[in-house]
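>>> curious how this folds, go ahead:
(one chain, ligands or ions: 1)
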Amino acid sequence: MASFPPLKNNLILRAARGEKVERPPMWVMRQAGRYLPEYHKVRAGHDFFEMCRTPEIASTITLQPIERYEDLDAAIIFSDILVIPQAMGMVVEMVEKKGPHFPEPLETPEDLAKLKRLGEGCDVKKELGYVFEALTLTRQKLAGRVPLLGFIGAPWTLMAYMIEGGGSKTFTKAKSWLFKYPEDSQKLLQDITDVAVEFLAQQVVAGAQMVQVFDSWAGELSPVEFAEFSLPYLRQISKRVPERLAELGQEQVPMTVFAKGAWYALDALCDSGYNVVGLDWTHDPAEARKIANGRVTLQGNMDPNVLYGGKEAIDKAVKRIVEGFGGGKQGYIVNLGHGVTPGVKPEDLGFFLRKNHEYGSA
Ligand code: 1CP
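Numbering: from 1, shown residues only. Here you go, the predicted model:
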């Protein structure tokens, strides 16, 4: 196992475990990305997945927001949720200005035979070794400044991409699988989960100090389908990753679940085995806190579009949210309700962080 420089700021790890803290820790979904001019400088001349696969580049991009903003309390490894479908044998390309594209998406249950499963053609350490190398290198370069986060896409969200072949407005193809082929859908979700568990555990071995599961398309499901096709796999991940870490002789790390749009499932998510539940902006902080009732730490949840509203709007929203989370000194991690978008001015994100620091320390 690699040895790493001692951690100087463990605020997010303490907050995730429910301890009282001096101020809420903060990080931002998609903090390493397209709103930063320094990201575009590196991006020019490289294919997106080539950057993910080159540890030196991935670690450089991961560190960019940490170097720009001294208020950040965590780094998140530069990678993508779609590396799991790639490891299972699917081709995924990143098309300029369009997003991810699968030239050969899954069309019918017969296509499942083409997928590589854990231990049956899919060797996680080999296929995703570049992510582990990027984590280890980044952890060294961070030199203990802040903890390093690892992540995966949730089984339902990955299934949606694998069937749609990219992003979608309606998710008609992926959702019709749930109704037309419920058993094959469960089988696919289980195969993705098996790879996801091993991948997340190995991210911790490689240096991730906390991990997040992104169920970005949870909100496309009705409460009934979420309970049947997403939640059981999210639960499996929170149960099996710690078991696998124990087996590997590895220390446990806090785990976060972010099921965007699944406001109806907040109560169930608070009992799903995660330390932290991420909230999108459709939640009222005080209401969410009442529902969570101390079971988990909450993370979120300003609408990223407030960042386009200027300093006064940002100031007002931050103040209201910190108050809604009871001042934030226990059970709260500052974040946006979804990723920061490409048009945001870096200076405005900096203002968001500074205001959170100020109101959270008061
Ligand atoms: O063109 C470019 O430069 C690529 C833009 C980009 C970036 C910077 C993509 C393509 N992915 C990423 C990095 C990324 N993706 C990170 C890095 C760490 C960080 O947060 O800073 C993370 C955590 C992700 C995760 C991810 N990828 C999610 C889950 C989070 C979310 O936003 O809901 C999803 C849904 C994806 C798919 C994806 N990858 C990229 C795009 C444009 C998309 C979404 C496309 C769509 O709308 O379907």
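
>>> list phi and psi for the residue nearest to Pro5 when sequence neighbours are not counted.
Spatial nearest neighbour of Pro5, excluding adjacent residues (C-beta to C-beta, 6 or more residues apart in numbering): Gly144 at 4.3 Å. Backbone N, C-alpha and C define where each C-beta goes, glycine included. Dihedral pair for Gly144: phi 80, psi 10, per degrees, to the nearest 10.

>>> so for Gly144, what's the pLDDT?
For Gly144, the model assigns a pLDDT of 98.

>>> these two touch, right, it and Ile66?
No - applying C-beta atoms under 8 Å, one finds Gly144 not in contact with Ile66, separated by 11.7 Å.

>>> hey, what's Val257 bridged with?
On the basis of DSSP bridges, Val257 is bridged to Val213, Val277.

>>> these two touch, right, it and Val276?
Yes - the pair Val257 and Val276 qualifies as a contact (C-beta under 8 Å) at a distance of 7.5 Å.

>>> longest helix anywhere in this protein?
helix 182-206 (DSSP state H).

>>> any part of it near the ligand?
No - Helix 182-206 lies out of reach of the ligand by C-beta under 6 Å from any ligand atom, never closer than 12.2 Å.

>>> quick one on the thing from earlier: residues that sit against both of Val257 and Val276, list them.
Shared contacts of Val257 and Val276, defined by C-beta atoms under 8 Å, 6 or more residues apart in numbering, comprise Gln212.

>>> which one's more surrounded, the two?
Shown here are Val257 and Val276; by other C-beta atoms under 10 Å, Val257 has more neighbours (28 against 24).

>>> chain center to stretch 267-287: distance?
14 Å (C-alpha atoms, centre = their mean, to the nearest Å).

>>> which of Gly144 and Ile66 has more neighbours?
Applying other C-beta under 10 Å to Gly144 and Ile66 shows that Ile66 carries more neighbours, namely 22 against 14.

>>> what's near enough to touch the nearest residue to that one once chain neighbours are set aside?
Using C-beta to C-beta, 6+ apart and skipping the chain neighbours, the partner closest in space to Ile66 is Ala75 (5.1 Å). Going by C-beta under 8 Å, 6+ apart, Ala75 touches 27, 32, 62-63, 65-66, 138, 142, 145-149.

>>> and for Trp217?
Trp217 neighbours (C-beta under 8 Å, 6+ apart): Trp156, Thr157, Ala160, Phe171, Lys260, Gly261.

>>> of all pairs in the residues you listed, which one is the farthest apart?
Phe171 and Lys260 (13.1 Å; C-beta to C-beta).

>>> the two: which has the busier surroundings?
Per other C-beta under 10 Å, whichever of Phe171 and Lys260 has more neighbours is Lys260, with 23 against 18.

>>> any residues of the stretch 151-300 of the chain in contact with the ligand? List them.
So the stretch 151-300 of the chain meets the ligand at Phe151, Gly167, Phe214, Ser216 (C-beta under 6 Å from any ligand atom).

>>> among those residues, which pair sits farthest apart?
Phe151 and Gly167 (18.3 Å).

>>> so these two - more neighbours on which side?
Taking neighbours as other C-beta under 10 Å, Phe151 and Gly167 compare with Phe151 leading, 21 against 14.

>>> for the more buried one, give the beta-bridge partners.
Gln212.

>>> tell me the confidence at it?
The predicted local confidence for Phe151 is 98.

>>> and if you look at Pro342?
Pro342 is given a pLDDT of 97.

>>> neighbours around the nearest residue to it once chain neighbours are set aside, how many?
Among residues not flanking Pro342 along the chain, Arg34 sits closest, at 3.9 Å (C-beta to C-beta, 6+ apart). Using other C-beta under 10 Å, Arg34 has 15 neighbouring residues.

>>> start at 160 instead
Shifting the count to begin at 160 puts that one at Arg193.

>>> so who does Arg193 touch?
His199, Arg202, Pro501.

>>> name the member of those with the most neighbours.
Arg202 (16 neighbours).

>>> so which helix or strand takes in the closest residue in space to that one that isn't next to it in sequence?
For Arg202, ignoring the flanking residues on the chain, the nearest one in space by C-beta to C-beta, 6+ apart is Met210 at 7.0 Å. In this assignment (DSSP states H and E), Met210 forms part of helix 207-212.

>>> what is the helix or strand following that helix packed up against?
Toward the C-terminus, helix 207-212 is succeeded by helix 214-227 as the next helix or strand (DSSP H and E). Taking 3 or more C-beta pairs under 8 Å, 6 or more residues apart in numbering; DSSP states H and E as contact, the helices and strands that helix 214-227 lies on are helix 196-202, helix 207-212, strand 234-235, helix 288-301.

>>> neighbouring contacts of helix 214-227?
Under C-beta under 8 Å, 6+ apart, the answer for helix 214-227 is 187, 190-191, 195, 197-198, 201, 205, 209-211, 231, 234-238, 289, 292-293, 295-297, 300-301, 304-305, 307, 505, 509.

>>> that one vs helix 288-301, what angle?
40 degrees (axes from the mean of the first three to the mean of the last three C-alpha atoms, to 10 degrees).

>>> now do the buried residues in the helix holding Met210.
Of the residues in helix 207-212, Phe207, Phe208, Met210, Cys211, Arg212 count as buried by neighbour count, 16 or more other C-beta atoms under 10 Å.
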